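Colleague: I would like the atomic coordinates for the input below:
(one chain, ligands or ions: 1)
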Amino acid sequence: MNNIEDLKKLLSTPKKVAIVSHRNPDGDAIGSSLALFHYLSRYGHEATVCFPSEYPPIFRWMPGADYILIHDKQGEAANKEIEKAELIFCLDFNALHRIDKLGEKIAEQEGVPKILIDHHLDPEDFSDYTLSDISASSTCELIYDFIELLEDTKTIDKIIGECMLTGIITDTGSFRYSTSSKLYRIVAELKDKGVDDLDLQNKIFNSQTAKQLRLLGHCLTRGLELLYDYNTGMIILTKEDYRRFRIQRGDTEGLVNYILRIKQMRCAALITEREGFVKLSLRSKGDFSVQEIASKYFSGGGHRNASGGMSKLSLSDTIKKFKDILPGYEEELNKPLDF
Ligand SMILES: [Mn+2]
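Modeller: Predicted coordinates for the structure are as follows:
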């Protein structure tokens, strides 16, 4: 199966479908998975959404979120769904090894068609049908494109649209990057279908706890280090900070972006000390690629302006390693900004 007509034929009768996405699912992973879940359900397909790990509580309101299986917690039930599946959709990630045990389970399902829909660089060749476009703002935008390829955008309703728009809003940082005229046309159509974008913005951004705001205060004061020679900023969170601020899943979401609000900052890093490893979230402005830094030095990857990686070194050694990399990019980091 390598064309949309074959896939249309497969989807013409109800199937058992598994939809999976990446570890630490974000708004786009959840939005695209649930949008596809609702879309397939409209045609009587029996779809299940499985994630490797838990999603942030801020997305609990999303229609269908209660049915999501978390492999870390419900491994047996999730594996059963993967075994039963006649079709497996892989959304918002590009290589099975990125999703750990869940990926191994999927790889075992030989002969079951796998469909990859994603907007990250360099997709691994494991799927039978691939919709990969790194210029897309989000996997949610690609779910729209996918339904358009099926010539079925009329089926997109308010619920499917809400899920899609959630991923579009979160992956574009509220339309601040990766936008296109095509994206705005899609958003206009979702709005015509009854999706309330302002309500979504409130649910996503104006639903924080006081604890999260205090954590932000800490990150922007004591946690912040600015390296003006390289137009780079770092926010560091230690294990002690994790205890002190009772940091939970999702609480550190978006913190790294604040650094780029400083005009001359081109590159930003959130470096967090976790159990047994150190995690890096990298962001950049303009044409500086944090994807290269993440993949070359921190066994990670992602997009040019947003990538992630990890290090097995101690927190202080990871910070030193990151700082030592910057002189190699001095010229690029000091190029005048074009805005
Ligand atoms: Mn995404």
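
Colleague: residues contacting the residue nearest to Gly173 when sequence neighbours are not counted?
Modeller: Among residues not flanking Gly173 along the chain, Asn257 sits closest, at 6.4 Å (Cβ to Cβ, 6 or more residues apart in numbering). (Each C-beta comes from the backbone N, C-alpha and C, glycine too.) The contact partners of Asn257, taken as Cβ atoms under 8 Å, 6 or more residues apart in numbering, are 173, 268, 283.

Colleague: Please pick the buried ones from these.
Modeller: Listed as buried from the contacts of Asn257 are 173, 268, 283; burial here means 16 or more other Cβ atoms under 10 Å.

Colleague: ok, and whichever residue of the chain sits closest to the ion, which helix or strand is that part of?
Modeller: Closest approach between the chain and the ion, counting by Cβ to the ion: Asp28, at 3.4 Å. Assigned by DSSP states H and E, Asp28 belongs to helix 27-41.

Colleague: What is the neighbour count of Val278?
Modeller: Neighbour count for Val278, taken as other Cβ atoms under 10 Å: 23.

Colleague: wait, doesn't it sit right on Met310?
Modeller: Yes. Applying Cβ atoms under 8 Å, one finds Val278 in contact with Met310, separated by 6.6 Å.

Colleague: quick one: secondary structure of Gly328?
Modeller: helix (DSSP: H, G, I helix; E, B strand; the rest coil).

Colleague: how deep is it tucked in, by neighbour count?
Modeller: A count of nearby residues for Gly328, using other Cβ under 10 Å, gives 13.

Colleague: Could I get the contacting residues of it?
Modeller: Going by Cβ under 8 Å, 6+ apart, the list of residues near Gly328 is empty.

Colleague: just to confirm, which helix or strand has Leu270 in it?
Modeller: Assigned by DSSP H and E, Leu270 falls in strand 267-273.

Colleague: Next, count neighbours for the residue nearest to Arg249 when sequence neighbours are not counted.
Modeller: Excluding the flanking residues, the one nearest Arg249 by Cβ to Cβ, 6+ apart is Pro56, at 5.3 Å. Other residues lying near Pro56 total 17 when counted by other Cβ under 10 Å.

Colleague: Hmm, Pro56 is touching Gly250, no?
Modeller: Yes. Using Cβ under 8 Å, Pro56 is in contact with Gly250, at 2.5 Å.

Colleague: In the stretch 201-339 of the chain, what residue spans correspond to helices?
Modeller: 210-220, 239-244, 290-297, 315-325, 330-333 (DSSP state H, counting those that start in this stretch).

Colleague: out of these, deepest packed?
Modeller: Stretch with highest mean neighbour count among the helices of the stretch 201-339 of the chain: helix 290-297 (a mean of 20; mean count of other Cβ atoms under 10 Å).

Colleague: What are the contacting residues of it?
Modeller: Residues contacting helix 290-297 (Cβ under 8 Å, 6+ apart): 121, 267, 280, 282-284, 300-309, 321-322, 325, 329.

Colleague: Give me the buried subset of the residues you listed.
Modeller: Members of the contacts of helix 290-297 classed as buried by 16+ other Cβ under 10 Å are 121, 267, 280, 282-284, 300-309, 322, 329.

Colleague: quick one on the thing from earlier: give me the buried stretch members for the helix holding Asp28, please.
Modeller: Of the residues in helix 27-41, 27-40 count as buried by neighbour count, 16+ other Cβ under 10 Å.

Colleague: So which elements touch it?
Modeller: Applying 3 or more Cβ pairs under 8 Å, 6 or more residues apart in numbering; DSSP states H and E, we find helix 27-41 packed against strand 16-20, strand 46-51, strand 87-91, helix 139-149, helix 158-171.
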